[in-house]
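In: only geometry, no sequence info:
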Ligand SMILES: NC(=O)c1ccc[n+]([C@@H]2O[C@H](COP(=O)([O-])OP(=O)(O)OC[C@H]3O[C@@H](n4cnc5c(N)ncnc54)[C@H](O)[C@@H]3O)[C@@H](O)[C@H]2O)c1
């Protein structure tokens with residue numbers, strides 16, 4: 001039986017369906033989300049050949065137009081967005097035609113932004129096919145794309161009407177991509193504010209199973225992460241408070257990712273490294289009382305099969321990329337760091353001091 005988590009946003013509430021058996025419930029879930037029988041399925045050139053036919057077959061009773069975009073972080077930009085909206089408009093959609101995004105976080109973010117902008121907004125459905133997209137990016141309505149200056153600098157908050165995660169789509173995901181998704185799992189486990197919960201301990205105890213892609217352990221952890229994200233988004237949709245916790249690891253992570261070149265360092269890998277470096281800094285700055293936490297996180301990344309050492313990059317380029325973070329007000333950036341597991345503190349770090357976040361990694365300290 002699929003598990004459903006609701007993102008409670010009043011009349012914009014929507015279900016996140018986690019289906020361990022595949023796509024069998026998709027048609028019913030889509031029918032509940034929209035009265036329309038004609039939909040546009042947008043996917044990318046890796047996922048499309050693997051899963052688009054299965055999605056179309058599962059949508060019996062629906063008329064499905066298809067659009068295929070280039071895959072990869074390097075294609076999460078204005079050219080691909082334009083290709084997407086151009087194709088959608090030429091299909092002759094109206095304001096109620098649902099747009100379905102079949103793919104990972106790159107495709108989901110980009111198609112979400114296309115859905116937000118075509119005709120000033122058409123119904124949007126996420127069909128996430130990576131672990132990262134299932135645990136994080138498909139839920140919460142952040143859509144957008146990259147710019148040369150920095151990651152995700154163009155975008156909009158735009159909630160989907162349905163998220164349908166068919167866990168068997170993870171079977172074709174390359175191992176390194178699956179493991180990169182565990183970077184966002186570690187982030188969610190680190191900040192989980194649920195009283196009495198111990199998701200970080202759970203991830204540690206299940207680390208071997210998660211590294212090897214055990215379906216039961218994966219489904220359990222996806223469910224836990226989605227429930228946490230859904231609750232945080234419901235409480236703070238526009239990131240006025242606690243939602244900012246979800247940016248843990250991302251200031252340094254985006255800096256590393258941008259400096260390496262989009263598509264060179266995976267987003268989830270970069271976030272994992274960002275968590276370690278930001279937590280080390282928090283300990284040095286006296287903001288985190290748990291001095292053992294950075295090593296605990298580094299050890300967990302290692303066990304999960306993620307990179308735990310920072311790649312060699314030009315420190316100045318990383319700092320410049322961090323400076324372009326969209327959370328800056330020009331003078332400082334609000335960065336969530338752990339005071340302890342389950343309790344983040346939002347710290348205003350002056351842009352002039354961002355270098356300190358990198359510690360002794362990347363050469364000079
Ligand atoms: N919107 C949000 O709240 C949010 C949150 C976290 C991350 N993100 C964004 O997510 C993006 C990263 O997402 P990602 O890690 O899913 O990357 P991705 O979408 O690039 O997918 C990774 C790779 O796996 C391939 N792939 C996807 N599904 C597959 C499958 N089932 N079988 C085989 N191959 C498959 C893709 O073609 C790609 O090559 C970043 O751009 C990041 O900024 C957004």
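Out: Here it is on my side, so go on. As the structure is a computational prediction, the values presented were derived from the model and not from experiment. Residues are numbered from 1 along each chain as shown.
In: quick one: residue 24 and residue 58 touch, right?
Out: Yes. At 6.8 Å, residue 24 counts as touching residue 58 under the criterion of CB atoms under 8 Å. All C-beta atoms are positioned from the backbone trio N, CA, C, and that covers glycine.
In: so between these two, which is more surrounded?
Out: A direct count of neighbours by other CB atoms under 10 Å for residue 24 and residue 58 places residue 58 higher, at 19 against 11.
In: which stretches of the stretch 251-365 of the chain form strands?
Out: Assignment of strands within the stretch 251-365 of the chain using DSSP state E, counting those that start in this stretch yields the ranges 332-340, 343-350.
In: packing partners for the shortest one?
Out: Spelled out, it's strand 343-350. Using 3 or more CB pairs under 8 Å, 6 or more residues apart in numbering; DSSP states H and E as the contact test, the elements touching strand 343-350 are strand 332-340.
In: who are the neighbours in contact with residue 361?
Out: Residues near residue 361 by CB atoms under 8 Å, 6 or more residues apart in numbering: 277, 310.
In: how far away is it from residue 228?
Out: 29 Å (CB to CB, to the nearest Å).
In: ramachandran angles for the most centrally placed residue in the chain?
Out: The centroid of the chain falls nearest to residue 137 when counting by CA atoms, centre = their mean (2.9 Å). Dihedral pair for residue 137: phi -70, psi -30, per degrees, to the nearest 10.
In: which residue packs closest to it, ignoring adjacent ones?
Out: Of all residues not flanking residue 137 in the chain, residue 105 sits nearest, at 3.7 Å (CB to CB, 6 or more residues apart in numbering).
In: the one you found: neighbour count?
Out: Neighbours around residue 105, by other CB under 10 Å: 26.
In: now do the contacts for it.
Out: 128, 130, 132, 133, 136, 137, 138, 267.
In: residue ranges in the chain under the pLDDT threshold?
Out: 363-365 (pLDDT under 70).
In: one more time with 80
Out: Low-confidence segments of the chain (pLDDT under 80): 1, 326, 362-365.
In: the longest helix seen in the chain: which residues count as buried?
Out: Secondary structure of the chain per DSSP state H: the longest helix is helix 215-235. For helix 215-235, burial by neighbour count (16 or more other CB atoms under 10 Å) applies to 217-219, 221-234.
In: again, but for stretch 278-289
Out: Neighbour-count burial for stretch 278-289 flags 278, 279, 280, 281, 282, 283, 288 (criterion: 16+ other CB under 10 Å).
In: stretch 203-218 now?
Out: For stretch 203-218, a neighbour-count test (16+ other CB under 10 Å) marks 203, 204, 206, 207, 210, 211, 213, 217, 218 as buried.
In: surely the second one touches residue 301?
Out: Translated: residue 204. No. Between residue 204 and residue 301 there is no contact under CB under 8 Å: 11.2 Å.
In: specify the beta-bridge partners of residue 3.
Out: Per DSSP bridges, the residues bridged to residue 3 are residue 18.
In: so it touches residue 222, yeah?
Out: No. In this structure, residue 3 is not within contact of residue 222 by CB under 8 Å, at 9.2 Å.
In: hey, what's in contact with both of those two?
Out: residue 18.
In: next secondary structure after the helix or strand hosting residue 201?
Out: Using DSSP states H and E, the element containing residue 201 is helix 199-205. Scanning forward in sequence from helix 199-205 by DSSP H and E, the next helix or strand is helix 207-211.
In: run a quick neighbour tally on residue 70.
Out: For residue 70, using other CB under 10 Å, the count is 15.
In: quick one: contacts for it?
Out: Residues in contact with residue 70 (CB under 8 Å, 6+ apart) are 44, 45, 80.
In: give the contact list for the one residue in the stretch 151-300 of the chain that gets nearest to the ligand.
Out: As assessed by CB to the nearest ligand atom, the ligand sits closest to residue 172 within the stretch 151-300 of the chain, at 3.6 Å. Taking CB under 8 Å, 6+ apart, we find residue 172 in contact with 50, 51.
In: how does it look with 6 Å?
Out: Taking CB atoms under 6 Å, 6 or more residues apart in numbering as the criterion, residue 172 is in contact with residue 50.
In: all good on my end, thank you.
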